[in-house]
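K.L.:
coords below, sequence missing:
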C-alpha cells in the first residue's frame, strides 16, 4: 500500500508538470485548430530563462525566495512574449492558408528554438544550483513526500484553477470561448480576434515556462532537447483528456504522470511509454474525443 | 583532383618540414643519427579533440625524457601525430598516412571505434606494434593479432573489480545492479553480476530508460528489494538525477557508479546528495602516488591538467622504448615479441606486464568517493588482493 502511494505521489509530481504544458496545447488547438509543435520547446526556453535569472540573482546575493520568485515571473513573462512573437511572425500570416502549411511552420519553429538554444547554451547539460531547494520531506501514508514536491504540485494546481476561472469568468476568457465556437461569428460580434489569439499564446507560453522553471529547479539538469520528450507527453495528455478541453488537459497530464510511474514501478521503466500509449490508443478507440471531449471537440 | 593534389602537396611539405625539424628538436648528441619514428593516433579535431591533445602531450613528455637520456639504441625518438577524429573512416586514412611516413611503431588511441580500423591497417602493414593508452573495448585485443597491446584495463575487467569492492570491502549481502540498456552499460552489468554471484552475493538486475528526468519509480522499485548497495553501470547524466532523487525519497542504500559516471556533472546535478557516492574507475594521474612528478612536469610544460589518459600514453611510449632496447632492434616483429616478454614493467601507472593477447595485467582500477563535494581517491586493491586506501 505504502509503495502504491509512493508511485502515486511520484506520478502526480511529474504529471503536474505535464498538465501545465498540456494546457497550452489544448488552448491553442481550441482557438486556432493548430497543434503547436513548438510548445514543448517553449517549455525548454522557460527552463533556460529561469536558469539564467537564478544565475544572475544568485550573483546579486538575493534571498533564495526572491531568486525563485524572480525566476518564475521573468521566465513566464519572457516566454509568454516569445510565444506572442512566434504567433505574430510565424502563424498569423498562415491562419487562412491550408492546415498543413501552418503545421509544418510549427515544426520549423520547434527546430529553430531547439537549435537556437543549443547555439546559445551549448549541447551539454546546464544545472540549477543543486542545493537551492531543500531536500526535506515528510511521511504520508507510508510514502515519502518532499516539501518541494508538495509546493510545486500546489503551485501547478493554483495556476490551472486560475486559468480555468480566467477562461470561465472574465470578458477575455468569454471571448476566447466564443472564438473556439465560431471565429467569424465572434468577429461579427465585435471581438478583436487577433488580440484574443495573441493573449491565448501569452497564457499558454507562460504556463509552459512555469512548468519549465519548476522542472528545472526540481531535477536540476536542463538541456536544449528537454522540450521534445515533454512536448510529446504533454500533447498525449491533451489528446487523452480531450484536446480543446481545459479540465481535460489537467486530468490528462496528471493521468499520464501516474500511469507512467505505476508502469515503471510495477512492470519496468522500459515499458512505461508502451503502456502510456497503449492506454491512449484504447481510450481513443472507445472514446475518440478523449475523456472529457464529450460534446464537440471545439468546446473549450 | 585539384583538391587532392593540393592536399598531397601540403602533406608532403608538412612531412618534409617535420623531417627537417627533427634533428633540431631531438638534441645535439644524436643529431647525426636518423630518428626512430613513432606514430600517435588520437582525435585532434572534433568533439574529443581536447582528450586527444592531452594524450599527445603525454607522449611528448615521454619522448623528451627518453631523448634526454640519449634516445633508444642511440637514436632519438620522433613523434608523428595523426588525427583520427574519433571516426572509423578518418582513422583508417590516418593509419595509412602513418605507415606511408615510415613509422616503426604506434602508441595512442582514444575511441575504441577508431582504434579498431587502425589496428587492422597496422597489422596488415607488417605487424607494426600498436600500444593503446585509452581504448578499452575488449574486441581490440581479441582479433588474434600479435602486435596489439594496451596499458589500460579492458571494459570487462571493471565488473569483477566492482564486485570485489562491493563484496569484500563494503561487505554487502544484497545488491542491485542497474543499467541503462546501452551496450556498454549492459556489458558492465553482466560482468559485475557474474562476479558478484561467484562471491555469493544476492544480486538483482534492474534497467532504466535513459533520457528521462524522473527515476523515482525505478528507485522506489529498487528500494522494495532492501539492497545495501546500488551499482549503476550507465552514464553520468542519469547518475546525478538518481543520487538526488534517492535522497529526496530518503532511501538509505549506498550508491556506486561505473567509470562512465566519472564526470563533474554528477556533482553539479546532485549537490549535497552526491556526498558519499563512490565510483569504480581507472585512476586519473592526480590519484596515482607514482605520478606526482609527472603532474608537475605536465603543468610546467603545458599549463593545463593532464586529462585522464595522458599518463597511460606516457607509459605506452616508455614500454615501447623499453621493448626496442630489449630487442636491440626497431623491426616491428622483434619489438612485438619483446613487448610480450616484458615483465613487471615499472610504469607511472604501476607495474604491469602483458597477457598473450596483449592486455595489461594486472589491470589498474581504483575507487573514488565524493567527500565535501569533490571526487577523492578512496580504496584500491594491493598486489596481495587486499583493500587499502589509495596513498596520497
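P.N.:
Arrived safely. Worth saying up front: this structure is predicted, and the values here are computed from it rather than measured.
K.L.:
tell me which residues of stretch B:286-304 are tucked away?
P.N.:
By 16 or more other Cβ atoms under 10 Å in any protein chain shown, the buried positions in stretch B:286-304 come out as B:286, B:287, B:288, B:291, B:294, B:295, B:297, B:298, B:302. In this view, the C-beta of every residue, glycine as well, is placed from N, C-alpha and C.
K.L.:
now swap in stretch A:46-64 and tell me
P.N.:
Going by 16+ other Cβ under 10 Å, stretch A:46-64 has these buried residues: A:46, A:47, A:48, A:49, A:50, A:51, A:52, A:53, A:54, A:57.
K.L.:
Now the second one, what are its backbone angles?
P.N.:
Note on residue A:47: its backbone torsions stand at phi -60, psi -40 [degrees, to the nearest 10].
K.L.:
and the residue lying closest to it once chain neighbours are set aside, what is it in contact with?
P.N.:
Distance criterion Cβ to Cβ, 6 or more residues apart in numbering or on different chains; nearest residue to residue A:47, sequence neighbours excluded, is residue A:212 at 3.6 Å. Applying Cβ atoms under 8 Å, 6 or more residues apart in numbering or on different chains, we find residue A:212 in contact with A:42, A:43, A:44, A:45, A:46, A:47, A:48, A:49, A:50, A:75, A:79, A:227.
K.L.:
Go again with 6 Å.
P.N.:
A:43, A:46, A:47 (Cβ atoms under 6 Å, 6 or more residues apart in numbering or on different chains).
K.L.:
show me what contacts the residue of the stretch 101-250 of chain A found nearest chain B?
P.N.:
Of all residues in the stretch 101-250 of chain A, the one sitting closest to chain B is residue A:130 (2.6 Å; Cβ to the nearest Cβ). Listed by Cβ under 6 Å, 6+ apart, the contact set of residue A:130 reads A:220, B:270, B:271.
K.L.:
so residue 107, which of the three states?
P.N.:
Unless you meant another one, I'm taking chain A. helix (DSSP: H, G, I helix; E, B strand; the rest coil).
K.L.:
looking at chain B here, not the other one
P.N.:
strand.
K.L.:
So which of the contacts of residue A:130 belong to helices?
P.N.:
Of those, the ones assigned to helices by DSSP state H are residue B:270.
K.L.:
quick one on the thing from earlier: and which of the buried residues of stretch B:286-304 is nearest to residue A:141?
P.N.:
residue B:287 (45.8 Å; Cβ to Cβ).
K.L.:
Which residue, neighbours along the chain excluded, lies closest to that closest one?
P.N.:
Per Cβ to Cβ, 6+ apart, closest to residue B:287 is residue B:377, 4.0 Å.
K.L.:
Is that neighbour in contact with residue B:389, as I believe?
P.N.:
No - counting by Cβ atoms under 6 Å, residue B:377 stays clear of residue B:389, with 8.0 Å between them.
K.L.:
which intervals of chain B have sub-threshold pLDDT?
P.N.:
B:1-32, B:392 (pLDDT under 70).
K.L.:
Determine which residue lies closest to the centroid of it.
P.N.:
Central residue of chain B (Cα atoms, centre = their mean): residue B:134, 2.8 Å from the mean position.
K.L.:
From the buried residues of stretch A:46-64, pick the one nearest chain B.
P.N.:
residue A:47 (10.5 Å).
K.L.:
ok, so of the contacts of residue A:212, who is nearest residue A:171?
P.N.:
Distances from residue A:171 to those, taken by Cβ to Cβ, are shortest for residue A:46, at 27.5 Å.
K.L.:
Name the next helix or strand downstream of the helix or strand containing that closest one, please.
P.N.:
In this assignment (DSSP states H and E), residue A:46 forms part of helix A:39-59. The C-terminal neighbour of helix A:39-59 among helices and strands, as given by DSSP H and E, is helix A:64-86.
K.L.:
what about that next one and chain B, any contact?
P.N.:
No - judged by Cβ under 6 Å from any Cβ of the partner chain, helix A:64-86 stays clear of chain B, getting no closer than 13.6 Å.
K.L.:
chain center to the host helix or strand of residue A:212: distance?
P.N.:
Using DSSP H and E, the element containing residue A:212 is helix A:193-219. In this view, helix A:193-219 has its centroid 7 Å away from the chain centroid, taken as Cα atoms, centre = their mean, to the nearest Å.
K.L.:
Okay, angle between that helix and helix A:64-86 too, please.
P.N.:
140 degrees (axes from the mean of the first three to the mean of the last three Cα atoms, to 10 degrees).
K.L.:
tell me which residues in helix A:193-219 are buried?
P.N.:
Neighbour-count burial for helix A:193-219 [16+ other Cβ under 10 Å]: A:193, A:196-219.
K.L.:
quick revisit: give me the residues contacting the helix holding residue A:46.
P.N.:
A:21, A:24-25, A:67, A:70-71, A:74-75, A:78-79, A:83, A:110, A:113-114, A:121, A:126, A:128, A:205, A:208-209, A:211-213, A:216, A:222, A:226-227, A:230-231.
K.L.:
residue in the stretch 201-300 of chain A nearest to chain B?
P.N.:
Counting by Cβ to the nearest Cβ, the stretch 201-300 of chain A gets nearest chain B through residue A:264, at 3.6 Å.
K.L.:
Leaving out the residues flanking it, which one is nearest to that residue?
P.N.:
residue B:217 (3.6 Å).
K.L.:
Tell me where the chain has helices.
P.N.:
All of this refers to chain A. A:2-32, A:39-59, A:64-86, A:99-121, A:147-169, A:171-181, A:183-188, A:193-219, A:226-241, A:246-262, A:272-286.
K.L.:
was after chain B, sorry
P.N.:
Going by DSSP H, chain B shows helices at B:2-25, B:49-68, B:88-100, B:112-124, B:155-164, B:183-198, B:216-224, B:236-248, B:264-270, B:292-302, B:310-327, B:332-341.
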